[in-house]
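Chemist: build the 3D model from these lines:
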Amino acid sequence: MSDFALNDAGLNPQATAKPDLHKKPHVSMVAVFLLFLVSGIGYAAYGIFTDTHSVGEPLAISALLLLGIALMIALGFEFVNGFHDTANAVATVIYTHSLPPLTAVIWSGVFNFLGVLVSTGAVAYSVITLLPVDLILQVGSTAGYAMIFALLIAAIVWNLATWSMGIPNSSSHCLIGSIMGVGLANQLVAPAGQATSGVDWSQAISVGKALLVSPAVGFVLSALLLLLLKVIVPVRKLYEEPKGRTPWWIRSILILTCTGVSFAHGGNDGQKGMGLIMLILIGVAPTAYALNRTMPDSSTPAFIEVTGKARSVFASHAQGASPGNPDEARSLIGDALKTRSLNRPEVFAALATLSDDIANGVKNYGSISRIPAAATPNMRNDMYLVSDAVRLLPEAGANFNAADGAILKQYRTDLEHGTRFIPNWVKVSVAIALGLGTMVGWRRIVVTVGERIGKQHLTYAQGASAELVAAGTILGAEFYGMPVSTTHILSSAVAGTMAANGSGLQTGTIRNIVLAWILTLPAAMLIAGCLYLMFRAVI
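Modeler: Presented below is the predicted three-dimensional model:
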């Protein structure tokens, strides 16, 4: 029988008392929560108003209503993500009595907030590359809105279902499953004979590897770190169940690791909502959001120069194929992206044509920031098409020498700078949603992580090892722009420390976590696909 059971039965008075997870927040905390909630919504509304009016694109009431619904769903996903994943950061400090539960949750919320604010945006756009190309290019259409609504609502539904059962589940895994479901449904309803993209399987496999490998990394590294600590830090109290008052230096270490996981979680998971919000904004207000108008005019000469070099690289691989006009080039590249048949002379000719058109447009207007409203959607789509084609050319079998490869890499980077940006108000709104979410509904999964993974109480060293490895793994994934699951990494890390410590694992809990991991992808795909088909029929 575990120490938890003995303690509940009153048979082991020396066992560590469970933390009190049911203390109600003070009314002042509720008031502050509501103040931040209202402030976040207000700041988002102010940001949209100033952005659209600064480019002379005021929104109609119907567009504002649609935008408001889409943003609330997107921020709702981040809110649910916050309270679903809070346990990953706070379970260890709560169950080692390093911080009281409410204090731990607030502390975690603050650092989730800060993690979002300083994030790079790389993960946000890594997730977007999984979406069907034709839906990204037509994100303002009814199909585009159906895509956004379906994948976000599906992710929220599955997250809430697993949370209600107290099962740690990956929001990243869930969102990616939803994206794949929408992609397959989009392919299913395409007219016969029309090239339509479904799932970018190469990108999905790349993301899937990160989701698959990261929990194994968490398990192995946390187990090794615990064993290493036992050798180099032979302080007995670190490896015993917490009893009495926690020494200040141990508390400091555990609070630091909790802070690291919270910060890393905000930086990685917060970006997933940002990318989808940007797609929503591009669809509703393309003049304000389709291009990065914050790029300085001084960057224009360098952009035009690298575009010219890239055009020469494309022309050298065209083998005399007719370049065609820009409209023909757009159609040809779009179809090639959908079918992944990019390594063809006519595609290189089309890329040269479209690169010329992009360079001439930017040169004529003076800079990206000066491109007028009427030309903005086409310019953004052209830049996206060429950038995505350059990304996929090596996978399609195209070979470039070192010099040409460097030119295309720089060209793709410059194209992404022109189309990929995140306004400050989007970061702040997502940060508030994720931060506030960490303060709600956290108890169910905290109990699972703290009590139901191992058969014995979590020790100080186990908590520190699990969180150090989790924070390091998540931050490393953010650096490489890969979405990973905080839930899977931390749960696996805790299990790794239990195994290394000989504490034993509760097979029922481990089985449920693994089952949720297996079912998340197909369940999210099914829900999202069905919702997409339904929304396509009614929107």
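
Chemist: from residue 97, how far off is residue 22?
Modeler: 16 Å (CB to CB, to the nearest Å). Backbone N, C-alpha and C define where each C-beta goes, glycine included.

Chemist: residue 215 too?
Modeler: 27 Å.

Chemist: neighbour-wise, which of residue 22 and residue 97 wins?
Modeler: residue 97 (19 against 7; other CB atoms under 10 Å).

Chemist: biggest helix in the protein by residues?
Modeler: Looking across the chain with DSSP state H, the single longest helix is helix 248-284.

Chemist: in it, what's buried?
Modeler: 250-251, 253-255, 257-284 (16 or more other CB atoms under 10 Å).

Chemist: OK, contacts around the residue nearest the centre of the chain?
Modeler: By CA atoms, centre = their mean, the chain has its centre lying nearest to residue 272, at 2.7 Å. Residue 272 makes contacts with 78, 81, 123, 124, 127, 171, 172, 175, 483, as judged by CB atoms under 8 Å, 6 or more residues apart in numbering.

Chemist: mind pulling up the pLDDT for it?
Modeler: Here, the pLDDT recorded for residue 272 equals 79.

Chemist: same check on residue 227?
Modeler: pLDDT, read off for residue 227, is 93.

Chemist: go on, residue 363?
Modeler: Predicted confidence (pLDDT) for residue 363: 90.

Chemist: mind giving me the packing neighbours of whichever strand or helix holds it?
Modeler: Of the helices and strands defined by DSSP states H and E, residue 363 is found in helix 345-365. Contact analysis of helix 345-365 by 3 or more CB pairs under 8 Å, 6 or more residues apart in numbering; DSSP states H and E lists helix 300-317, helix 326-339, helix 376-392 as its packing neighbours.

Chemist: list the buried ones in it?
Modeler: Judged by neighbour count using 16+ other CB under 10 Å, the buried positions of helix 345-365 are 346-359, 361-362.

Chemist: how far does stretch 494-507 stretch from start to finish?
Modeler: 14 Å (CA to CA, to the nearest Å).

Chemist: buried set for that stretch?
Modeler: Neighbour-count burial for stretch 494-507 [16+ other CB under 10 Å]: 494, 495, 496, 497, 498, 499, 500, 501, 503, 505, 506.

Chemist: list the contacts of residue 74.
Modeler: Counted by CB under 8 Å, 6+ apart, residue 74 has contacts 148, 152, 273, 276, 277, 280.

Chemist: which one of the residues you listed is nearest to residue 533?
Modeler: residue 148 (14.7 Å; CB to CB).

Chemist: wait, isn't the closest one in contact with residue 276?
Modeler: Yes. The criterion here is CB atoms under 8 Å, and residue 148 meets it with residue 276 at 6.3 Å.

Chemist: isn't there a strand covering residue 484?
Modeler: No. Residue 484 is assigned coil when assessed by DSSP: H, G, I helix; E, B strand; the rest coil, not a strand.

Chemist: count of residues packed around it?
Modeler: 30.

Chemist: surely it meets residue 471?
Modeler: No. Counting by CB under 8 Å, residue 484 sits too far from residue 471 to count as a contact (11.9 Å).

Chemist: against residue 53, how distant is residue 42?
Modeler: 17 Å.

Chemist: cool, and residue 145?
Modeler: Residue 145 is 23 Å from residue 53, by CB to CB.

Chemist: of the two, who's got more company?
Modeler: residue 145 (21 against 12).

Chemist: report the separation between that one and residue 451.
Modeler: From residue 145 to residue 451 the distance is 43 Å (CB to CB).

Chemist: go on, residue 54?
Modeler: The separation that residue 54 has from residue 451, given CB to CB, amounts to 53 Å.

Chemist: try residue 32
Modeler: Counting by CB to CB, the gap from residue 32 to residue 451 is 30 Å.

Chemist: between the two, which has more neighbouring residues?
Modeler: The residue with more neighbours, out of residue 32 and residue 451, is residue 451; 20 against 15, by other CB under 10 Å.

Chemist: thinking that one is in contact with residue 94, fair?
Modeler: No. Using CB under 8 Å, residue 451 makes no contact with residue 94, being 10.5 Å away.

Chemist: so what sits against both of these two?
Modeler: In contact with both residue 451 and residue 94: no residue, using CB under 8 Å, 6+ apart.

Chemist: contacts only, for residue 471.
Modeler: Here residue 471 is in contact with 257, 260, 261, 263, 264 (CB under 8 Å, 6+ apart).

Chemist: now residue 429, nearest residue through space, not along the chain?
Modeler: residue 44 (4.4 Å; CB to CB, 6 or more residues apart in numbering).

Chemist: same question, residue 292
Modeler: Closest to residue 292 by CB to CB, 6+ apart is residue 421, at 4.0 Å.

Chemist: pLDDT wise, what is the one you found at?
Modeler: Residue-level pLDDT assigned to residue 421 equals 84.

Chemist: likewise residue 200?
Modeler: pLDDT at residue 200 comes out at 65.

Chemist: and what of residue 68?
Modeler: On the pLDDT scale, residue 68 gets 88.

Chemist: what about it, distance to residue 37?
Modeler: In terms of CB to CB, residue 68 sits 15 Å off from residue 37.

Chemist: now do residue 305
Modeler: Taking CB to CB, one finds residue 305 at 48 Å from residue 37.

Chemist: contacting residues for the residue nearest to residue 309 when sequence neighbours are not counted?
Modeler: Excluding the flanking residues, the one nearest residue 309 by CB to CB, 6+ apart is residue 407, at 4.8 Å. Applying CB under 8 Å, 6+ apart to residue 407 gives the contacts 306, 309, 310, 313.
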